[in-house]
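Participant: One predicted model, sequence on top.
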Amino acid sequence: MDNPIAANVLGTIGAVCWSVQLIPQIVINWRRHNATGLQPTMMMLWAWAGVPLGVYNIVQDFNVALRVQPQALTFLSLLTWIQCFYYERKWSILRALAIVTPIACSMGATQAALIVALRIAKDKHLQWPLTLMAVLSAALLGNVSQAAGVLRHYWDIYVHRTVRGISFLFVGIDAAGDIFSLVSVLFQSTLDVLGLVIYGTELVLWIGVFACGGYFNLVPWLQKRLRKRQDGSLQNTEMCPPPPRVSDSARSAEQPAGSITLHSLPSSTSVFRTPSADLDIVRQRTTRSESEVSGNNYSVA
């Protein structure tokens, strides 16, 4: 599929993803104040990978985004690398700066020297130095870093039975960069098998990390939430027991036939009362009073 425009657009999107992929990881390290489970070896290899990649993109006169992308990758990788020592080995800020500053300066000096040398080689129509920079950057970003970095994450997952310290947003952005770069290779005029292998291998390894996170992290979390919800509903049931059931015989004994009441009280407090019923009650009370009066008069006599 020969489509240079699609190849350039997809490659640029992949480069942007790789430029910002480490920002979520840096933020989550800062919030947690730890870098548990993160492999500093991978971060250092990525930092050095930005050197030949930056040389290649600058000498080949790529667009500004692709020139800046390797510099951002190197800077963010070094920042993530030094976080591992600052949080896990309790280095002071001064010690961390004293270590990372000379490394960053040496990377910048190496890149500047290589840019000058490769421009001279390009003017002499020597192509192999540029090819060497491309292969070296691809190896550091791809197979070598995966073997030394991501595969160490798999060992950490196997030992601890959980995915520790890795931001899944970082993994997702990195995997998205692999997908866009992989598709951009397919749209080039000539099929680059090495590029397909590098991007495809990295994508498969990150998908494996996602799968491990779903199995070891997401599934137990969902099970825990479900158990909490079930325990909460059970506690509510125990705190609010259902009202005792009243048998039909007891209910009929408490409630006279033909009367409708709001609660079990004597029939004189019936909700629905008729004038004739009130008149009968008055007559019963009058008859009872007259009988009591005549009885008292008879006893006195």
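Facilitator: Received, thanks.
Participant: can you give me the helices in the protein?
Facilitator: Here the chain has its helices, by DSSP state H, at 4-20, 23-32, 40-59, 64-88, 93-123, 128-141, 143-145, 151-160, 168-186, 193-213, 219-239, 248-254, 275-300.
Participant: Kindly provide the whole-number mean pLDDT of the fourth one.
Facilitator: What it means is helix 64-88. For helix 64-88, mean pLDDT is 86.
Participant: just to revisit the earlier point, right, so the helices of the chain: which one is the most enclosed?
Facilitator: helix 40-59 (a mean of 23; mean count of other CB atoms under 10 Å). Quick note: C-beta positions are derived from backbone N, CA and C, even for glycine.
Participant: send the alpha carbons of that one over as PDB?
Facilitator: Output of helix 40-59 as PDB, limited to C-alpha atoms (Å, rounded to 0.1, in the frame of the first residue of the first chain):
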ATOM      1  CA  PRO A  40      15.100   1.800  35.500                       C
ATOM      2  CA  THR A  41      17.100  -0.200  32.900                       C
ATOM      3  CA  MET A  42      14.300   0.300  30.300                       C
ATOM      4  CA  MET A  43      14.200   4.100  31.100                       C
ATOM      5  CA  MET A  44      17.900   4.500  30.600                       C
ATOM      6  CA  LEU A  45      17.800   2.600  27.300                       C
ATOM      7  CA  TRP A  46      15.000   4.700  26.100                       C
ATOM      8  CA  ALA A  47      16.900   7.900  27.000                       C
ATOM      9  CA  TRP A  48      20.000   6.700  25.000                       C
ATOM     10  CA  ALA A  49      17.700   5.700  22.100                       C
ATOM     11  CA  GLY A  50      16.700   9.300  21.700                       C
ATOM     12  CA  VAL A  51      20.300  10.200  20.700                       C
ATOM     13  CA  PRO A  52      20.600   8.200  17.400                       C
ATOM     14  CA  LEU A  53      16.900   8.800  16.600                       C
ATOM     15  CA  GLY A  54      17.400  12.600  17.000                       C
ATOM     16  CA  VAL A  55      20.500  12.400  14.800                       C
ATOM     17  CA  TYR A  56      18.700  10.600  12.100                       C
ATOM     18  CA  ASN A  57      15.600  12.800  12.100                       C
ATOM     19  CA  ILE A  58      17.600  16.000  12.100                       C
ATOM     20  CA  VAL A  59      20.100  15.000   9.400                       C
END
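Participant: model confidence over it, on average?
Facilitator: 83.
Participant: going forward can the numbers begin at 432, since that is how I track them
Facilitator: From this message on, residue numbering opens at 432, which makes the last subject helix 471-490.
Participant: And it, what does it pack against?
Facilitator: Other helices and strands packing on helix 471-490, by 3 or more CB pairs under 8 Å, 6 or more residues apart in numbering; DSSP states H and E, are helix 495-519, helix 524-554, helix 559-572, helix 574-576.
Participant: how many degrees apart are that helix and helix 454-463 in direction?
Facilitator: 140 degrees (axes from the mean of the first three to the mean of the last three CA atoms, to 10 degrees).
Participant: ok and helix 471-490 relative to helix 495-519, angle-wise?
Facilitator: For helix 471-490 against helix 495-519, the angle by the same axes, to 10 degrees is 160 degrees.
Participant: tell me the contacts of the spatially closest residue to D609 that is not a sequence neighbour?
Facilitator: Nearest in space to D609, with sequence neighbours left out and distances taken as CB to CB, 6 or more residues apart in numbering, is L634 at 4.1 Å. Contact analysis of L634 by CB atoms under 8 Å, 6 or more residues apart in numbering lists 606, 609-610, 613.
Participant: cool, and I489?
Facilitator: I489 makes contact with 498, 546, according to CB under 8 Å, 6+ apart.
Participant: related to what we said a few turns ago, distance check, the residue nearest to D609 against G603.
Facilitator: Going from L634 to G603 by CB to CB, to the nearest Å gives 12 Å.
Participant: thinking again about what came up before, same list (the helices and strands packed on helix 471-490) but as a markdown table, adding distance to G481.
Facilitator: Below are the helices and strands packed on helix 471-490 laid out as a markdown table (distance: least, CB to CB, whole Å):
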| stretch | distance to G481 |
| --- | --- |
| helix 495-519 | 3 |
| helix 524-554 | 8 |
| helix 559-572 | 8 |
| helix 574-576 | 12 |
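Participant: For G442, find the nearest of those helices.
Facilitator: In terms of CB to CB, the element of the helices and strands packed on helix 471-490 nearest to G442 is helix 495-519, at 7.8 Å.
Participant: Brilliant, that's me finished.
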